[in-house]
Every structure is written in C-alpha cells, then in structure tokens.
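Chemist: below are the sequence and a predicted model for it; my questions follow.
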There are 2 protein chains.
Amino acid sequence: MRPDDIEKLKELNIFRGVKKSTFDRAIAPSFLQSFPTGTKLLEENNSADFLYIVLDGLIEMSSSSNGDDTVIEVLAPVNLFILAAVLNDDVCLQSARTLTAARILMIPASLIRELLGDDQGFMKAVVFELASAYRRTVKELKNQKLRTGVERLANWLLKEERSQGGQRQVLIPYEKRVLAAYLGMTAENLSRGFAALSGEGVTMKGMRIDIADVPRLRDFAHPSPLVDDEEPSMRHE
Amino acid sequence: MRPDDIEKLKELNIFRGVKKSTFDRAIAPSFLQSFPTGTKLLEENNSADFLYIVLDGLIEMSSSSNGDDTVIEVLAPVNLFILAAVLNDDVCLQSARTLTAARILMIPASLIRELLGDDQGFMKAVVFELASAYRRTVKELKNQKLRTGVERLANWLLKEERSQGGQRQVLIPYEKRVLAAYLGMTAENLSRGFAALSGEGVTMKGMRIDIADVPRLRDFAHPSPLVDDEEPSMRHE
DNA sequence: CGGGAGCTTGAGCTTGTTCAACCTTCGTGG
DNA sequence: CCACGAAGGTTGAACAAGCTCAAGCTCCCG
C-alpha cells in the first residue's frame, strides 16, 4: 500500500477519530486489489464478506428485479460500500461493478464487526457514516418521487458542474446509459432530456456538456438542499 | 408513563442491550404527549430537537418540493423517527403528521447524543437501527425505480395481508390519498390500480380489500426480499 | 477501411397526470 | 328528521411523460 493510500483512507468518515491501533488492525489483513473496467465485484443477494473501499476509479452500484435494472449510485474515491450489509451480516441489496480501472481495499467483514466492539471511536465514526448514508438515500428517494426525468438531469448537471470546478462545463465520467439508469430513465429518454435542456442554454458535444447560463439552469431545476446531495460524489479527484 | 409503555419501548431496536441506567436516563426528562389526528409534529428543514418514538397511532413522514409532495413512509408503533437528523445535529428531511390520534415520546436530541458516548451498548444498538433504516430506504428506492404503480400496489397489498393476519383481506388504515402518495401515484391512479387488480382477484368495498387468491396475486406482483421490506410496518398492533 | 458499440432520432404505444364532473358518506344545523 | 354542504373517492376525457422498437448516425479501434 502506498503512503498516499494511507492518507486517502484517513479522509474517510469511517476512520475519523479512531485509534491508530484500530486503523492498523483494519488494514493489516486486508487486500488491496486492482481491477480492470467492467469487473463485477459483487452480486446482489450474496453475503457481504468484505467491506469495500474505493481508492481509485468509479464503481457502479446497481440492482435488478425481473428483467429490469437500475443504478442506485455511482461511487468515486474515497468512499466505501456495503457497510450496512457487513454490520447486519446480511446479503447485499446491490451489485457492484467497476466503471473504470479501479483500486479497491477489501476489509474482512468479521474484522469490521470485531473492531466495532473494541474501539468506541470507530463505532462512533460508523454511526455518522451510516446516518449520512441514510440521509443521502432519503434524498435520492425524494429526487425520484418529486421530480421528472428532465428535472433530475438538470439538477445532476448543476451538482456536477460545481464538483468539476464551476467552469460552466461538465464531462460525463461514464457511459450515458449508466447515467440514464442512475437518473431513472432510459438511454433514449436521456438524449431527449439533453435536447429539452438546450432551451435552457445547455449544449452537448460528445461527453462534454456546456452550460451557458448557470443561474438560468438553476432557475429551471429548482435545486434544494433537502433533495440534492450536499457533497458531490467526486470529492477527491 | 404506563408500565406497558415501558415494555413497548424495550421492544425497540435502539434500546436492545442497553444498560438500565441509560434507559432510565433517556426516559426521565422526556415528554410523553398525546396528539389528535392531523397534528403537524415536524416540518422538514427545521432542526431536529427531539427523537420521536411512536407508542400509539400512525405517523406520516412526508416531503414536498416546489408544489408537489409525497409520502416517504408511514410509521406504526413501536418505531422512532428522525434519528439520523438528531445524530448529525442537522435539519429534518421530512415532515411528520399524525394520521390517527397518537401517543408519542419525545427525547431531547442533546440527551441522545450524550448517551451515545456514555453507553457503548446504546451506541451499538443505534448502529443496527441506522443500518436497517438505511437498507429499508434502499429497498424503497428500488421499489420506486424498478416497478410500475400497479406492481407497487400489488406488493403493498401482499405485505399488508400478511401483517394483518393472513386472512386474505386488508383494511386500508388511512386515507387512500395517503396510500397513493406513499406508493408514488395520484389518488386517481390508485383507484384505477385497484380496478386493474380486479383481474387478479382483488375486490374492494370501501376501505376493505379482499384478495381471492393470494398465490395468484403474488404471481402478478413478483415480490422479492431484495425490494420488499421484511418486517411489516405494523409490527405491534 | 470496416465493424461494432454507443448514442440519437422518430413513430407508436403504455403509463401516468390533470382537470372536471359526479357520486358517496358523514356530520351539522335548520 | 331531513336538507345541505363539505370532504373523500371514483370516473371519464384529454394530455403529458416515458417506454419500446427500429433505423440510422458517430466515433473509436482494430
């Protein structure tokens, strides 16, 4: 493990305020693995044997039910996944797949549960991680139930524009079909969504989106801190 | 507070395995209040000053965004709400309103945060409560993204039939418009949904639904443990 | 240069919403 | 005790949003 990996890990909520010994115990027996694009890391309904931490690359969390499938979330570094399943010692509700080449730290689930009892600081960090994951998901549920497809797209663009540096442009970091599934629409409908937003000063060339007038798009999208995630998914790039 | 209230409280995940002193400290300074039907308990975007525990009655958790609004969840006894906001010392993401007369225990938020540090058993109980709340919400998100309105209705009927005793009938416990908003559809569309399910042996008279053939409805609905909540919302009636 | 994957476009259809009218139920006041 | 009004629920018709299928386009990569 590289020294800057250690630094990255320490940025995680889950390791904030934990004892050094806990941190060392957590990473000692863990696997740091590199995966190529498109690797299936987890299948929903399987048991959660590891806690996964994304150090590099993008991970798609998805789900399917009788034929249809959808993307629940796309994770950028540094983030973790299937913490709740690990704690409950239960099956995963989501599948995971790499969208780019990725480096991932895998910590044995039993170790996580063990450390929980040994370090109160760690447990407290887990409480806050879970509480914010819960709130993030409630917001996503509101996003889906209260907005149309085009509105979700507009708000996604605003969030990405901000997290990509506020240069009035967005580079879509993965396939548009993945974005479509995340936004709860078909790939076709996403295309039409972009076309519809051209009326609000949004232009697209390939994977690059330009937003001529951010306040105008904001006026269309009605973003709200009670629906949109505060922190962008790409915190550390 | 009545003795059977104490018993009810001890059924809560959040008080499982906590020290007796923690339990006593939690309920000593707390308010047990009765509210009539339709009382607004919380407004979204306000700070979370108390943890709420439902001892009797039904509570609607809802949310609105530019004009439109929706129901996120309906809580039956014994359940708690806005735990995540209390822990993060953040604003509520949801409004709360009584759907029936209700008795509610209100524990000061600062006390909850204090007890978290004092009793490791309590913190562990909070971890599991948050983990299952998170998983419940992910399932609800999948329910919304992967199913049509009629499918959500059919699966809701199956879940209620089971939790109401498996007598092949369901009594809708609140206004149909509330159910419609919870299921993510309009009241009109819910009516049409019931009409559509008459083809699957579902008949409605007022608030009472009869399900002639449960396996047949199940065959239509395709329920799944990865989407539908394991434990029914009305655990203790 | 050719092939393939991803993306876009169009047409037709399904699903869901809106708006308005009507129906039922229930509580209230004359 | 009946009449009335209000609120919840249902129904119908028109409309909007979203999906499917099929064809065509673009771009990348061999």
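Modeler: Nice, I can see it. Residues are numbered from 1 along each chain as shown, chains lettered A, B, ... in the order given.
Chemist: how much space separates the residue positioned nearest the centre of chain A from A:Ala187?
Modeler: Centroid-nearest residue in chain A, with C-alpha atoms, centre = their mean: A:Leu75, separated by 2.6 Å. Computed with C-beta to C-beta, to the nearest Å, the distance linking A:Leu75 and A:Ala187 is 21 Å. For every residue, glycine as well, the C-beta is placed using N, CA and C.
Chemist: chain center to stretch A:191-211, what's the gap?
Modeler: 23 Å (C-alpha atoms, centre = their mean, to the nearest Å).
Chemist: buried sites along it?
Modeler: With burial defined by 16 or more other C-beta atoms under 10 Å in any protein chain shown, the residues of stretch A:191-211 counted as buried are A:Gly193, A:Phe194, A:Ala196, A:Leu197, A:Glu200, A:Gly201, A:Val202, A:Met204, A:Ile209, A:Ile211.
Chemist: including distance to chain B and secondary structure, could the residues you listed go into JSON lines?
Modeler: Shown next, in JSON lines, are these (distance: C-beta to the nearest C-beta, whole Å; DSSP: H, G, I helix; E, B strand; the rest coil):
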{"residue": "A:Gly193", "distance to chain B": "16", "secondary structure": "helix"}
{"residue": "A:Phe194", "distance to chain B": "21", "secondary structure": "helix"}
{"residue": "A:Ala196", "distance to chain B": "18", "secondary structure": "helix"}
{"residue": "A:Leu197", "distance to chain B": "18", "secondary structure": "helix"}
{"residue": "A:Glu200", "distance to chain B": "16", "secondary structure": "helix"}
{"residue": "A:Gly201", "distance to chain B": "20", "secondary structure": "coil"}
{"residue": "A:Val202", "distance to chain B": "20", "secondary structure": "strand"}
{"residue": "A:Met204", "distance to chain B": "24", "secondary structure": "strand"}
{"residue": "A:Ile209", "distance to chain B": "24", "secondary structure": "strand"}
{"residue": "A:Ile211", "distance to chain B": "21", "secondary structure": "strand"}
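Chemist: mind putting the residues you listed in a markdown table, pLDDT included?
Modeler: Listed next are the buried residues of stretch A:191-211 as a markdown table, based on pLDDT from 0 to 100:
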| residue | pLDDT |
| --- | --- |
| A:Gly193 | 96 |
| A:Phe194 | 97 |
| A:Ala196 | 95 |
| A:Leu197 | 96 |
| A:Glu200 | 93 |
| A:Gly201 | 93 |
| A:Val202 | 96 |
| A:Met204 | 94 |
| A:Ile209 | 96 |
| A:Ile211 | 96 |
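Chemist: closest to A:Thr39 out of the residues you listed?
Modeler: A:Ile209 (27.8 Å; C-beta to C-beta).
Chemist: contacting residues for that closest one?
Modeler: Counting by C-beta atoms under 8 Å, 6 or more residues apart in numbering or on different chains, A:Ile209 makes contact with A:Leu157, A:Gln169, A:Val170, A:Leu171, A:Ile172, A:Phe194, A:Val202, A:Thr203.
Chemist: which ones among the residues you listed lie within helices?
Modeler: Assigned to helices by DSSP state H, the following of the contacts of A:Ile209 qualify: A:Leu157, A:Phe194.
Chemist: pull stretch A:208-220 out as PDB, backbone CA atoms only.
Modeler: What follows is stretch A:208-220, C-alpha atoms only, in PDB (Å, rounded to 0.1, in the frame of the first residue of the first chain):
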ATOM      1  CA  ARG A 208     -18.800  17.300 -22.800                       C
ATOM      2  CA  ILE A 209     -21.700  19.500 -21.700                       C
ATOM      3  CA  ASP A 210     -21.600  23.300 -21.700                       C
ATOM      4  CA  ILE A 211     -23.900  25.300 -19.500                       C
ATOM      5  CA  ALA A 212     -24.100  28.800 -21.000                       C
ATOM      6  CA  ASP A 213     -26.000  30.300 -18.100                       C
ATOM      7  CA  VAL A 214     -25.900  28.500 -14.700                       C
ATOM      8  CA  PRO A 215     -28.400  30.700 -12.900                       C
ATOM      9  CA  ARG A 216     -30.900  30.100 -15.700                       C
ATOM     10  CA  LEU A 217     -30.500  26.300 -15.500                       C
ATOM     11  CA  ARG A 218     -30.800  26.600 -11.700                       C
ATOM     12  CA  ASP A 219     -34.000  28.500 -12.200                       C
ATOM     13  CA  PHE A 220     -35.300  25.700 -14.300                       C
END
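Chemist: now check that stretch, is it near DNA strand C?
Modeler: No: remark: stretch A:208-220 sits outside contact range of DNA strand C, by C-beta under 7 Å from any atom of the strand, the gap being at least 9.8 Å.
Chemist: and that stretch, anywhere near DNA strand D?
Modeler: No: Stretch A:208-220 does not reach DNA strand D (C-beta under 7 Å from any atom of the strand); its nearest approach is 10.7 Å.
Chemist: so where's chain A shaky on pLDDT?
Modeler: Applying pLDDT under 70 to chain A flags residues A:231-237.
Chemist: how about the residues of it by DNA strand D?
Modeler: Taking C-beta under 7 Å from any atom of the strand as the test, the list of chain A residues beside DNA strand D reads A:Asp68, A:Thr148, A:Gly149, A:Val150, A:Gly184, A:Met185, A:Thr186, A:Glu188, A:Asn189, A:Gly206.
Chemist: do that again at 10 Å, thanks
Modeler: Within chain A, the positions adjacent to DNA strand D are A:67-68, A:70, A:144, A:147-153, A:180-181, A:183-193, A:196, A:205-207 by C-beta under 10 Å from any atom of the strand.
Chemist: among those residues, name the buried ones.
Modeler: Among the residues of chain A next to DNA strand D, those scoring as buried are A:70, A:144, A:147, A:149-153, A:180-181, A:183-185, A:190, A:193, A:196 (criterion: 16+ other C-beta under 10 Å).
Chemist: check which helix or strand covers A:Gln144.
Modeler: Element membership for A:Gln144, per DSSP states H and E: helix A:120-146.
Chemist: can you list the buried residues in that helix?
Modeler: A:120, A:122-146.
Chemist: same check, this time on stretch A:161-179
Modeler: Under the neighbour-count criterion of 16+ other C-beta under 10 Å, stretch A:161-179 has A:Glu161, A:Ser163, A:Gln164, A:Val170, A:Ile172, A:Pro173, A:Tyr174, A:Val178, A:Leu179 buried.
Chemist: pull that stretch out as PDB, backbone CA atoms only.
Modeler: What follows is stretch A:161-179, C-alpha atoms only, in PDB (Å, rounded to 0.1, in the frame of the first residue of the first chain):
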ATOM      1  CA  GLU A 161     -20.700  21.500 -12.700                       C
ATOM      2  CA  ARG A 162     -20.000  22.600  -9.200                       C
ATOM      3  CA  SER A 163     -17.900  19.500  -8.200                       C
ATOM      4  CA  GLN A 164     -16.000  19.600 -11.500                       C
ATOM      5  CA  GLY A 165     -14.700  23.100 -10.700                       C
ATOM      6  CA  GLY A 166     -17.500  25.500 -11.600                       C
ATOM      7  CA  GLN A 167     -16.200  26.200 -15.100                       C
ATOM      8  CA  ARG A 168     -19.700  26.000 -16.600                       C
ATOM      9  CA  GLN A 169     -19.000  22.700 -18.200                       C
ATOM     10  CA  VAL A 170     -19.400  19.000 -17.300                       C
ATOM     11  CA  LEU A 171     -17.600  16.000 -18.500                       C
ATOM     12  CA  ILE A 172     -19.800  12.900 -18.200                       C
ATOM     13  CA  PRO A 173     -17.400  10.500 -16.500                       C
ATOM     14  CA  TYR A 174     -19.100   7.200 -17.600                       C
ATOM     15  CA  GLU A 175     -21.400   5.800 -20.300                       C
ATOM     16  CA  LYS A 176     -24.600   7.800 -20.900                       C
ATOM     17  CA  ARG A 177     -26.600   4.600 -20.400                       C
ATOM     18  CA  VAL A 178     -25.200   4.400 -16.900                       C
ATOM     19  CA  LEU A 179     -26.100   8.000 -16.200                       C
END
